[in-house]
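> any chance you can model this:
(one chain, ligands or ions: 4)
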Amino acid sequence: MLNRQFAGLLYEMANLLELDDDNPFRIRAYKKAAMAFEGLTKDISTMTLEELMRIPGVGRGLAEKADEFSRTGRVKEHQDLRRRIPQGLLSMLNVSGLGAKRVRFLYETLKIDSLGKLKAAAEGGKLRSLPGFAEKMETNILKGLEVAVQGVERMTLGEARLRMAEVLGFLKGTDGIIRLEPAGSLRRGKETVGDLDILCSSRNPDKVITRFIHAPFSKRTLAAGETKASVELMNGIQCDLRVVEDDSFGAALQYFTGSKEHNVALRERALKLGYTVNEYGLYRTSDDKKKKPLAGKTEEEIYKKLGLQWIPPELREQRGEIEAAEKGKLPKLIEEADIRGCFHSHTSESDGRNTLEEMAAAARKKGWEWLGSADHSQALKMTNGLSPDRMREKIGKIKALNKKSKSFQVLCSSEVDILADGSMDYDDDLMKELDFVIASVHSSFKQPEEKMTERIIRAMDNPHVDCIGHLSGRLLGQREAYAIDYEKIFEASRRTGTALEINGQPDRQDLYDVHATTAKGMGIRIATNTDAHSIDQLDHMSLAVTVARRAWLEKKDVLNTMSAREVREWCDGE
Ligand code: DGT
Ligand code: CA
Ligand code: CA
Ligand code: ZN
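Ligands and ions are numbered 1, 2, ... in the order given. Just a heads-up that it's a prediction; the model follows:
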């Protein structure tokens, strides 16, 4: 599929156009289209110009570019831009604190067109005298450069939540704090997080800021003022804290939660209704600037004034949520409390750390009613996958265990390998004895798209396969998704009634949120799974549920909301 490559090209074009001081509306259109192509399940190379133009946010110009790209592997206008604008300027955009305007200005005034030259200029004190560049800015650029050169990547949502919990835990007790909440991409539950954003209201802002910049988790202070500060955490990631008046807390939380695209659309709507919204509140546009805002204490009252339902942060990506909120048609998103079990977990029989009994006890302690124990099948030697004999032994053990308890059930499941030709690693007789079969690809990742697609569809056609595990196979920061035709696979999933898993391992978060939305639309059943390899990893359910929420999924879309009895009946009925 060329879609992701093409989306990447559009993002780069947006940056290049920004460096070229092009029309802001055009730049935004490119970014929006890039997002649309990123989430598209149909392969652009199979689409006609008319079909491309039917993608929301894609006009004729962009459709023609997509067409050009799938025919020739390039886009002429992109190449022209690249020729005209020095490559180094693009890497300078990665330095935190440097936007397109500043990069352009540095290039025009000092001919700086690479990270090397930027570093030399900052070290030589050449920037501080430029208009708009104070001495502090110079220091910040040097710090930002270090990060840009080391190429510190975005962290996974899982990692970000752990760091956020540390910071909040430390700040919570500070004198004078009224409200304290995470904002930014973490609050939206994005799969990766660039930096942490925290919002606070306090009777004593000074105290919070001081405590924040002297906290044990802070490696160094990047900036500190009266109402905001930024520090670098031990893992090299930036954390921004803003302190606001409690009366503006809702407005600020809304603003700093983003996404930028959602906020831009919300502001446009406000203007049409005669309002202005900013981080301080919502005002009537005609009113005096100094007048008290009409709303601002809570997010709810801001959305309400704009004629909208309150929009859960996970939906704020400008993917139709504002239109849905206007009609009162937002989904009632699934919550972790709706979850009653997990189909996919491992024990020390294969590559897990805890025994079956320990895993079951931990699942029960979480308030679940059932747990699918799904050890690996034999092909996966490095995980100590179970031979058919060992698997039969395990089935017996689970039956005995279930007899002892009515209120909690263990499903004898297995994560069975889909072999390179699409056949399954266990024969049908053995799979028939299992309650639930998850079929996963763990080898020959580099097969051509057609082969990989056929391979997975063949697995789905096996009547004993209930669910496909981690469909895309991507590992964040380590491995690209394998090449598959999502449209064909989703169609086969619908036809065969095979569920698709949302895997909650922090580096997987697989299905992609946008793909899960498409699956839901096709009536495909989704399982939110932990793939836990230890008792504490059962908590990855929270990540799986977050992906489901970002995908607009409701309780009824997710198999894990079934009770022990329902799930038992469902498995027996298969
Ligand atoms: P990240 O950190 O890259 O994972 O993504 P965010 O969304 O956390 O972005 P960040 O940290 O740059 O800013 C946090 C939020 O603040 C962002 O989602 C929306 C808001 N925001 C920041 N800068 C702007 C801006 O220039 N315009 C608007 N409308 N909102 C902004
Ligand atoms: Ca952020
Ligand atoms: Ca930030
Ligand atoms: Zn697994």
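> any weak-confidence spans in the stretch 451-574 of the chain?
When residues are selected by pLDDT under 70, those of the stretch 451-574 of the chain lie in 573-574.
> same thing with the chain?
Regions of the chain meeting the criterion pLDDT under 70 cover residues 147-153, 573-574.
> closest residue of it to ligand 2?
For the chain, the residue closest to ligand 2 is residue 184, as judged by CB to the ion, at 3.3 Å. The way it works is simple: take the backbone N, C-alpha and C, and place the C-beta from them, glycine included.
> return the residues in contact with the residue nearest to residue 43 when sequence neighbours are not counted.
When the adjacent residues along the chain are set aside, residue 43 lies closest to residue 1, with 4.9 Å between them (CB to CB, 6 or more residues apart in numbering). Applying CB atoms under 8 Å, 6 or more residues apart in numbering to residue 1 gives the contacts 43, 44, 45, 449, 483, 484, 485, 486.
> just give the nearest non-adjacent residue to the last one, would you?
Setting aside the residues directly before and after it, residue 486 is nearest to residue 41 in space (CB to CB, 6+ apart), at 4.1 Å.
> measure that neighbour to ligand 3 for me?
Relative to ligand 3, residue 41 is positioned 31 Å away (CB to the ion, to the nearest Å).
> repeat that for residue 424.
According to CB to the ion, residue 424 stands 47 Å off from ligand 3.
> count of neighbours near that residue?
21 (other CB atoms under 10 Å).
> can you check residue 411 too?
Applying the criterion other CB under 10 Å, we find 22 residues in the vicinity of residue 411.
> so it touches residue 368, yeah?
No: under the criterion of CB atoms under 8 Å, residue 411 makes no contact with residue 368, lying 11.6 Å away.
> what touches both of the two?
Counting by CB under 8 Å, 6+ apart, the residues touching both residue 411 and residue 368 are residue 341.
> could I get the contacting residues of the residue lying closest to residue 21 once chain neighbours are set aside?
Leaving out its chain neighbours, the residue that sits closest to residue 21 by CB to CB, 6+ apart is residue 104, at 6.5 Å. By CB under 8 Å, 6+ apart, the contact set of residue 104 is 19, 21, 89.
> the first one against residue 103, yeah?
Yes: judged on CB under 8 Å, residue 19 makes contact with residue 103 at a distance of 6.3 Å.
> can you list residues touching both of the two?
By CB under 8 Å, 6+ apart, the residues touching both residue 19 and residue 103 are 89, 93.
> where do the domain boundaries of this structure fall?
The chain breaks down by automatic domain parsing into domains covering 2-153, 156-244, 249-326, 336-573.
> ok so, going back, distance check, the residue nearest to residue 21 against residue 27.
13 Å (CB to CB, to the nearest Å).
> same check on residue 567?
Going from residue 567 to residue 27 by CB to CB gives 49 Å.
> mind listing what the spatially closest residue to the residue of the chain closest to ligand 2 that is not a sequence neighbour touches?
Among residues not flanking residue 184 along the chain, residue 197 sits closest, at 3.3 Å (CB to CB, 6+ apart). The contact partners of residue 197, taken as CB under 8 Å, 6+ apart, are 182, 183, 184, 185, 186, 187, 239, 240, 242, 256.
> can you do 7 Å?
With contacts defined as CB atoms under 7 Å, 6 or more residues apart in numbering, the neighbours of residue 197 are 182, 183, 184, 240, 256.
> which parts of the stretch 251-400 of the chain are helices?
Across the stretch 251-400 of the chain, reading from the start of the chain, the helices by DSSP state H, counting those that start in this stretch fall at 260-272, 299-305, 321-326, 356-365, 388-404.
> and the longest strand along the chain with helix 388-404, angle?
In the chain, ranked by residue count with DSSP state E as the criterion, the top strand is strand 409-417. Orientation check (axes from the mean of the first three to the mean of the last three CA atoms, to 10 degrees): strand 409-417 against helix 388-404 gives 160 degrees.
> centre of the chain to strand 409-417, how far?
Relative to its parent chain, strand 409-417 has a centroid offset of 28 Å by CA atoms, centre = their mean, to the nearest Å.
> over to stretch 398-413?
Using CA atoms, centre = their mean, the mean C-alpha position of stretch 398-413 is found 35 Å from that of the whole chain.
> mind giving me the packing neighbours of the one helix or strand residue 494 maps to?
Secondary structure from DSSP states H and E places residue 494 in helix 486-496. In this structure, helix 486-496 packs against helix 449-461, helix 513-521, with contacts taken as 3 or more CB pairs under 7 Å, 6 or more residues apart in numbering; DSSP states H and E.
> which stretch among these comes nearest residue 415?
Closest of the helices and strands packed on helix 486-496 to residue 415 is helix 449-461, at 12.1 Å (criterion: CB to CB).
> what distance separates whatever helix or strand comes next after that closest one from the centre of its chain?
The helix or strand immediately downstream of helix 449-461 is strand 467-468, counting by DSSP H and E. Centroid separation for strand 467-468 versus its chain: 21 Å, with CA atoms, centre = their mean.
> does strand 467-468 reach ligand 4?
No: contact between strand 467-468 and ligand 4, assessed by CB under 5 Å from the ion, is absent, since the two come no nearer than 11.5 Å.
> likewise for stretch 417-436?
No: using CB under 5 Å from the ion, stretch 417-436 stays clear of ligand 4, with a minimum separation of 10.6 Å.
> if we can go back for a sec, closest to residue 34 among the contacts of residue 197?
For residue 34, the nearest member of the contacts of residue 197 is residue 184. The distance, counting by CB to CB, is 20.3 Å.
> can I assume the closest one is in contact with residue 258?
Yes: with contacts defined as CB atoms under 7 Å, residue 184 counts as touching residue 258 at a distance of 6.4 Å.
> what's next to the next helix or strand after the longest strand of the chain, contact-wise?
Taking DSSP H and E as the definition, the helix or strand that follows strand 409-417 towards the C-terminus is helix 428-433. Residues from elsewhere that reach helix 428-433, judged by CB under 7 Å, 6+ apart: 388, 391, 395, 416, 424, 437, 464.
> could you do stretch 44-54 as well?
Contact partners of stretch 44-54, identified using CB under 7 Å, 6+ apart, comprise 2, 3, 6, 37, 58, 59, 60, 63, 64, 66, 67, 70.
> so which strand or helix has the fifth one?
Element membership of residue 58, judged by DSSP H and E, is empty: it is in no helix or strand.
> next one: the third one
Per DSSP H and E, residue 6 falls inside helix 3-19.
> which parts of that helix are buried?
3, 6-7, 9-19 (16 or more other CB atoms under 10 Å).
> again, but for stretch 130-137
Buried positions in stretch 130-137, judged by neighbour count with 16+ other CB under 10 Å: 130, 133, 137.
> do stretch 320-337 as well
Taking 16+ other CB under 10 Å as the basis for neighbour counts, the residues of stretch 320-337 that come out buried are 321, 322, 324, 325, 330, 331, 333, 334, 336.
> got a list of contacts for it?
So stretch 320-337 is contacted by 265-266, 269, 303, 307-309, 311-312, 314-315, 541-542, 545, 548-549, 552-555, 558 (CB under 7 Å, 6+ apart).
> which of those fall within strands?
Filtering the contacts of stretch 320-337 for membership in strands, criterion DSSP E, returns an empty set.
> identify the residue spatially nearest to the residue positioned nearest the centre of the chain, adjacent ones excluded.
To find the centre residue of the chain, average its C-alpha atoms and take the closest one (CA atoms, centre = their mean): that gives residue 191, at 2.2 Å. Taking CB to CB, 6+ apart as the measure, residue 191 lies nearest to residue 509, with 4.7 Å between them; neighbours along the chain are not counted.
> for the one you found, what are its contacts?
The neighbours of residue 509, taking CB under 7 Å, 6+ apart as the test, are 191, 543, 547.
> if I look at the first one, how far off is residue 550?
Residue 191 sits at a distance of 8 Å from residue 550 (criterion: CB to CB).
> how far off centre is the helix or strand that comes right after the helix holding residue 6?
On the C-terminal side of helix 3-19, the closest following helix or strand by DSSP H and E is helix 24-39. Here helix 24-39 shows a centroid-to-chain-centroid distance of 18 Å under the convention CA atoms, centre = their mean.
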